[in-house]
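Asker: Give me a model of this one.
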Amino acid sequence: MRMMGGVDTVMPDKIVKRVVNGVLVKAGLKPVNDDMEFIKKTEEIALECGYRPIELCWMAWLIQPEEK
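Answerer: Residues are numbered from 1 along each chain as shown. Have a look, this model is predicted:
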């Protein structure tokens, strides 16, 4: 529903959190567990990297399928 509504943000589901928090830890930063803080941090990361937040969300799903 979020994507079909055209909102360019990140959904803080377990897959996206696992991938993004894994990247944060590898970069020497603390993982973010609070959903709202996670969304803000992930949006900052996406914009700094030149991606839209929704693209970062999709990338997380593509590299880490749910069964892992």
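Asker: Which helix or strand lies directly C-terminal to the helix or strand harbouring A46?
Answerer: Under the criterion of DSSP states H and E, A46 resides in helix 35-49. Following helix 35-49 in sequence order, the next helix or strand is helix 53-63 (DSSP H and E).
Asker: List the buried residues in that following helix.
Answerer: Residues of helix 53-63 classed as buried: 53-54, 56-57, 60 (neighbour count, 16 or more other Cβ atoms under 10 Å). C-beta: built from backbone N, CA, C; applies to glycine.
Asker: Poorly predicted segments of this protein, please.
Answerer: The model of the chain has pLDDT under 70 over residues 1-6, 65-68.
Asker: Nearest spatial neighbour of L24, chain-adjacent residues omitted?
Answerer: Once flanking residues are discounted, L24 sits nearest to P31: 5.4 Å by Cβ to Cβ, 6 or more residues apart in numbering.
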